[in-house]
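# predicted structure and sequence below. I'll ask about it afterward.
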Amino acid sequence: MQMVQRALKDLTYASLCFPTAIKARGMESTEDIPYYFYRDDGLLESDQVVEEDQELQDFVKDVYVYGMRGKKASGFPKSLKSREKLSEYLTVVIFTASAQHAAVNFGQYDWCSWIPNAPPTMRAPPPKAKGVVNIEQIVDTLPHRGRSCWHLGAVWAQSQFQDNELFLGMYPEEHFIEKPVKEAMARFRKNLDAIVSVIAERNKNKKLPYYYLSPDRIPNSVAI
(Lines give C-alpha, C1' and ligand atoms only; values in the text may rest on other atoms or scores of the structure.)
Protein backbone atom coordinates (compact mmCIF):
# COMPACT_ATOMS: atom_id res chain seq x y z
CA MET A 1 0.00 0.00 0.00
CA GLN A 2 2.91 2.37 0.65
CA MET A 3 4.02 1.96 -2.95
CA VAL A 4 0.53 2.80 -4.20
CA GLN A 5 0.40 5.82 -1.90
CA ARG A 6 3.71 7.05 -3.32
CA ALA A 7 2.28 6.64 -6.82
CA LEU A 8 -0.73 8.73 -5.86
CA LYS A 9 1.55 11.64 -4.98
CA ASP A 10 2.44 11.91 -8.68
CA LEU A 11 -1.20 12.47 -9.65
CA THR A 12 -2.52 16.05 -10.20
CA TYR A 13 -6.10 16.67 -11.26
CA ALA A 14 -8.67 16.57 -8.48
CA SER A 15 -7.89 12.91 -7.72
CA LEU A 16 -6.32 13.85 -4.42
CA CYS A 17 -9.76 15.01 -3.27
CA PHE A 18 -11.01 11.45 -3.65
CA PRO A 19 -8.37 9.18 -2.11
CA THR A 20 -10.30 6.04 -2.95
CA ALA A 21 -8.05 4.85 -5.75
CA ILE A 22 -6.19 2.53 -3.41
CA LYS A 23 -9.44 0.98 -2.29
CA ALA A 24 -10.67 0.63 -5.84
CA ARG A 25 -8.13 -2.05 -6.59
CA GLY A 26 -6.71 -2.79 -3.16
CA MET A 27 -9.91 -3.47 -1.27
CA GLU A 28 -9.40 -7.18 -1.44
CA SER A 29 -7.70 -8.64 1.58
CA THR A 30 -4.31 -10.30 1.38
CA GLU A 31 -6.17 -13.59 1.59
CA ASP A 32 -8.06 -12.76 -1.60
CA ILE A 33 -5.25 -11.54 -3.81
CA PRO A 34 -3.38 -14.88 -4.14
CA TYR A 35 -6.52 -16.33 -5.70
CA TYR A 36 -5.51 -14.49 -8.84
CA PHE A 37 -2.51 -16.78 -8.92
CA TYR A 38 -4.51 -19.98 -8.61
CA ARG A 39 -2.66 -22.98 -10.00
CA ASP A 40 -3.71 -26.50 -10.89
CA ASP A 41 -1.93 -27.80 -7.82
CA GLY A 42 -3.76 -25.44 -5.46
CA LEU A 43 -3.70 -21.92 -4.06
CA LEU A 44 -0.59 -20.07 -3.00
CA GLU A 45 -1.15 -21.05 0.62
CA SER A 46 2.31 -20.39 2.02
CA ASP A 47 5.40 -18.25 1.54
CA GLN A 48 7.29 -21.33 0.43
CA VAL A 49 4.88 -21.92 -2.45
CA VAL A 50 5.40 -18.33 -3.58
CA GLU A 51 9.17 -18.64 -3.42
CA GLU A 52 9.21 -21.96 -5.28
CA ASP A 53 6.82 -20.88 -8.04
CA GLN A 54 9.30 -20.59 -10.91
CA GLU A 55 6.82 -19.09 -13.37
CA LEU A 56 5.97 -16.33 -10.90
CA GLN A 57 9.63 -15.68 -10.11
CA ASP A 58 10.48 -15.48 -13.82
CA PHE A 59 7.71 -12.93 -14.29
CA VAL A 60 9.02 -10.78 -11.43
CA LYS A 61 12.56 -11.01 -12.78
CA ASP A 62 11.43 -9.94 -16.26
CA VAL A 63 9.70 -6.87 -14.80
CA TYR A 64 12.82 -5.96 -12.83
CA VAL A 65 15.31 -6.54 -15.68
CA TYR A 66 13.36 -5.27 -18.68
CA GLY A 67 10.68 -3.04 -17.17
CA MET A 68 12.77 -1.37 -14.47
CA ARG A 69 16.05 -1.75 -16.39
CA GLY A 70 17.62 -3.52 -13.42
CA LYS A 71 17.64 -0.36 -11.30
CA LYS A 72 17.52 -0.89 -7.53
CA ALA A 73 16.19 2.65 -7.12
CA SER A 74 12.94 1.56 -8.79
CA GLY A 75 11.99 -0.22 -5.59
CA PHE A 76 10.85 -3.29 -7.52
CA PRO A 77 12.31 -6.59 -6.28
CA LYS A 78 14.28 -9.19 -8.23
CA SER A 79 12.19 -11.92 -6.61
CA LEU A 80 9.26 -12.43 -4.25
CA LYS A 81 9.54 -14.57 -1.16
CA SER A 82 6.24 -14.12 0.68
CA ARG A 83 2.49 -13.90 0.17
CA GLU A 84 2.58 -10.45 1.72
CA LYS A 85 5.03 -9.13 -0.88
CA LEU A 86 3.12 -10.84 -3.67
CA SER A 87 -0.04 -9.03 -2.55
CA GLU A 88 1.80 -5.71 -2.31
CA TYR A 89 3.36 -5.78 -5.77
CA LEU A 90 0.35 -7.34 -7.44
CA THR A 91 -1.72 -4.48 -6.02
CA VAL A 92 0.75 -1.97 -7.49
CA VAL A 93 0.62 -3.59 -10.94
CA ILE A 94 -3.18 -3.75 -10.98
CA PHE A 95 -3.53 -0.21 -9.62
CA THR A 96 -1.15 1.21 -12.23
CA ALA A 97 -2.91 -0.52 -15.12
CA SER A 98 -6.38 0.48 -13.99
CA ALA A 99 -7.03 3.30 -11.50
CA GLN A 100 -3.92 5.36 -12.13
CA HIS A 101 -4.24 5.05 -15.90
CA ALA A 102 -7.90 6.09 -15.73
CA ALA A 103 -7.07 9.16 -13.63
CA VAL A 104 -4.45 10.30 -16.12
CA ASN A 105 -6.02 9.23 -19.41
CA PHE A 106 -9.71 10.06 -19.22
CA GLY A 107 -9.18 13.60 -17.98
CA GLN A 108 -7.09 14.61 -20.97
CA TYR A 109 -9.86 16.42 -22.79
CA ASP A 110 -10.88 18.36 -19.67
CA TRP A 111 -7.34 19.65 -19.31
CA CYS A 112 -6.01 19.80 -22.86
CA SER A 113 -9.08 21.18 -24.65
CA TRP A 114 -8.00 24.63 -23.41
CA ILE A 115 -5.08 24.95 -25.80
CA PRO A 116 -2.88 27.24 -23.64
CA ASN A 117 -2.90 24.51 -20.95
CA ALA A 118 -1.17 22.03 -23.23
CA PRO A 119 -0.31 23.42 -26.66
CA PRO A 120 0.68 20.63 -29.09
CA THR A 121 3.11 22.88 -30.92
CA MET A 122 4.70 26.30 -30.45
CA ARG A 123 5.31 28.72 -33.30
CA ALA A 124 8.01 30.69 -31.51
CA PRO A 125 10.77 29.90 -29.02
CA PRO A 126 9.96 30.35 -25.32
CA PRO A 127 10.86 33.71 -23.77
CA LYS A 128 14.21 33.99 -22.01
CA ALA A 129 12.98 36.33 -19.30
CA LYS A 130 9.89 36.52 -17.12
CA GLY A 131 7.34 39.31 -17.23
CA VAL A 132 8.23 40.63 -20.69
CA VAL A 133 5.69 38.78 -22.86
CA ASN A 134 2.49 40.50 -23.98
CA ILE A 135 -0.78 38.98 -25.21
CA GLU A 136 0.12 39.44 -28.86
CA GLN A 137 3.31 37.41 -28.43
CA ILE A 138 1.39 34.67 -26.64
CA VAL A 139 -1.18 34.43 -29.47
CA ASP A 140 1.58 34.38 -32.09
CA THR A 141 3.32 31.56 -30.22
CA LEU A 142 0.31 29.25 -29.75
CA PRO A 143 -0.51 26.77 -32.54
CA HIS A 144 -2.74 27.88 -35.41
CA ARG A 145 -6.38 26.84 -35.73
CA GLY A 146 -5.75 23.77 -37.88
CA ARG A 147 -3.19 22.28 -35.53
CA SER A 148 -5.37 23.12 -32.53
CA CYS A 149 -8.35 21.29 -34.07
CA TRP A 150 -6.20 18.24 -34.74
CA HIS A 151 -5.06 18.33 -31.13
CA LEU A 152 -8.63 18.61 -29.82
CA GLY A 153 -9.69 15.62 -31.89
CA ALA A 154 -6.80 13.53 -30.61
CA VAL A 155 -7.32 14.21 -26.91
CA TRP A 156 -11.10 13.78 -27.26
CA ALA A 157 -10.62 10.33 -28.82
CA GLN A 158 -8.14 9.31 -26.14
CA SER A 159 -10.58 10.35 -23.42
CA GLN A 160 -13.42 8.10 -24.60
CA PHE A 161 -14.36 4.63 -23.40
CA GLN A 162 -14.60 1.76 -25.84
CA ASP A 163 -18.08 0.63 -26.86
CA ASN A 164 -17.52 -2.72 -25.14
CA GLU A 165 -15.47 -1.39 -22.23
CA LEU A 166 -15.10 -3.67 -19.20
CA PHE A 167 -14.87 -1.83 -15.89
CA LEU A 168 -13.52 -2.94 -12.52
CA GLY A 169 -15.19 -6.08 -11.27
CA MET A 170 -16.61 -7.05 -14.67
CA TYR A 171 -15.40 -10.52 -15.69
CA PRO A 172 -17.60 -11.89 -18.50
CA GLU A 173 -15.27 -14.83 -19.12
CA GLU A 174 -15.46 -17.33 -16.30
CA HIS A 175 -11.89 -18.48 -15.75
CA PHE A 176 -12.47 -19.71 -12.20
CA ILE A 177 -15.20 -21.96 -10.85
CA GLU A 178 -13.74 -22.60 -7.39
CA LYS A 179 -15.90 -21.40 -4.50
CA PRO A 180 -13.17 -19.43 -2.61
CA VAL A 181 -12.29 -17.51 -5.77
CA LYS A 182 -15.90 -16.68 -6.56
CA GLU A 183 -16.45 -15.52 -2.99
CA ALA A 184 -13.42 -13.23 -3.24
CA MET A 185 -14.73 -11.75 -6.49
CA ALA A 186 -18.15 -11.18 -4.96
CA ARG A 187 -16.60 -9.33 -2.00
CA PHE A 188 -14.59 -7.26 -4.43
CA ARG A 189 -17.66 -6.23 -6.43
CA LYS A 190 -19.57 -5.37 -3.25
CA ASN A 191 -16.75 -3.14 -2.05
CA LEU A 192 -16.52 -1.45 -5.45
CA ASP A 193 -20.25 -0.68 -5.36
CA ALA A 194 -19.82 0.93 -1.95
CA ILE A 195 -17.00 3.12 -3.27
CA VAL A 196 -19.10 4.18 -6.26
CA SER A 197 -21.84 5.32 -3.87
CA VAL A 198 -19.40 7.29 -1.72
CA ILE A 199 -17.90 9.11 -4.70
CA ALA A 200 -21.33 9.87 -6.16
CA GLU A 201 -22.40 11.37 -2.83
CA ARG A 202 -19.26 13.51 -2.64
CA ASN A 203 -19.86 14.84 -6.14
CA LYS A 204 -23.41 15.98 -5.47
CA ASN A 205 -23.93 19.70 -6.10
CA LYS A 206 -20.30 20.24 -7.07
CA LYS A 207 -19.64 22.67 -9.90
CA LEU A 208 -16.74 20.51 -11.05
CA PRO A 209 -17.46 16.87 -10.15
CA TYR A 210 -14.65 14.37 -10.38
CA TYR A 211 -15.53 10.82 -11.40
CA TYR A 212 -12.33 9.55 -12.96
CA LEU A 213 -11.50 7.36 -9.96
CA SER A 214 -15.00 5.99 -9.54
CA PRO A 215 -14.72 2.20 -10.03
CA ASP A 216 -17.62 2.13 -12.49
CA ARG A 217 -15.55 4.41 -14.75
CA ILE A 218 -12.20 2.65 -14.39
CA PRO A 219 -11.52 0.05 -17.09
CA ASN A 220 -10.11 -3.27 -15.96
CA SER A 221 -6.79 -2.52 -17.63
CA VAL A 222 -5.00 -0.31 -20.14
CA ALA A 223 -6.34 -0.85 -23.66
CA ILE A 224 -5.22 1.29 -26.60
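Perfect, I can see it now. Keep in mind it's a predicted model, so treat the numbers as computed, not measured.
# what does the helix or strand harbouring Asp62 contact?
Per DSSP states H and E, Asp62 falls inside helix 54-62. Outside helix 54-62, the residues that touch it by C-beta atoms under 8 Å, 6 or more residues apart in numbering are 37, 50-51, 77-80, 86, 89. Just so you know, the C-beta spots here come from the backbone N, C-alpha and C atoms, and that holds for glycine as well.
# most neighbours of all these, which one?
Neighbour count (other C-beta atoms under 10 Å) singles out Leu86 as the most crowded of these, with 24 neighbours.
# secondary structure of it: a strand, I assume?
No. Leu86: not assigned to a strand; according to DSSP: H, G, I helix; E, B strand; the rest coil it is helix.
# against Glu174, how distant is it?
According to C-beta to C-beta, to the nearest Å, Leu86 and Glu174 sit 24 Å apart.
# show me the strands in this protein, by range?
Taking DSSP state E to define them, one finds no strands in the chain.
# so which helix or strand of it has the lowest pLDDT on average?
Of all helical and strand segments in the chain, the minimum by mean pLDDT, DSSP states H and E falls on helix 21-26, at a mean of 35.
# from the contact counts, what lies against the lengthiest helix in the chain?
Identified as the longest helix of the chain according to DSSP state H is helix 179-203. Using 3 or more C-beta pairs under 8 Å, 6 or more residues apart in numbering; DSSP states H and E, the elements in contact with helix 179-203 are helix 21-26.
# show me where the protein has its helices.
Taking DSSP H as the test, the helices found in the chain are 2-9, 21-26, 47-52, 54-62, 83-95, 101-105, 108-112, 135-141, 145-158, 179-203.
# ok, which of these comes nearest Pro126?
Closest approach to Pro126 among those is made by helix 135-141 (8.1 Å; C-beta to C-beta).
# for the closest one, buried residues please.
Residues of helix 135-141 classed as buried by neighbour count (16 or more other C-beta atoms under 10 Å): Thr141.
# which residues are in contact with that helix?
116, 122-124, 127.
# then stretch 151-170?
Applying C-beta under 8 Å, 6+ apart, the contact partners of stretch 151-170 are 24-25, 98, 105-110, 112-113, 115, 119-120, 143, 172, 185, 188-189, 192, 215-220, 223.
# just the buried ones from those residues, in ChimeraX syntax?
Listed next is the ChimeraX selection for buried residues among the contacts of stretch 151-170, using 16+ other C-beta under 10 Å:
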select :24,25,98,106,107,108,109,110,112,115,119,143,185,188,189,192,215,217,218,219,220
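# okay, which residue is most central for the protein?
For the chain, the residue nearest the mean C-alpha position is Gln100 (2.2 Å; C-alpha atoms, centre = their mean).
# and that one, how far is that from Gln160?
Distance of Gln100 to Gln160, given as C-beta to C-beta: 19 Å.
# repeat for Ile199
Distance of Ile199 to Gln160, computed by C-beta to C-beta: 20 Å.
# pLDDT weak spots in the protein?
1-12, 14-44, 223-224 (pLDDT under 70).
# against Leu56, how distant is Pro143?
Separation of Pro143 from Leu56 (C-beta to C-beta): 48 Å.
# chain neighbours aside, what residue packs nearest to Tyr13?
In this structure, Tyr13 finds its nearest non-sequential neighbour in Gly107, 5.2 Å apart by C-beta to C-beta, 6 or more residues apart in numbering.
# can you list contacts of stretch 66-80?
Stretch 66-80 is contacted by residues 3, 50-51, 56-57, 60-61, 63-64, 85-86, 89 when judged by C-beta under 8 Å, 6+ apart.
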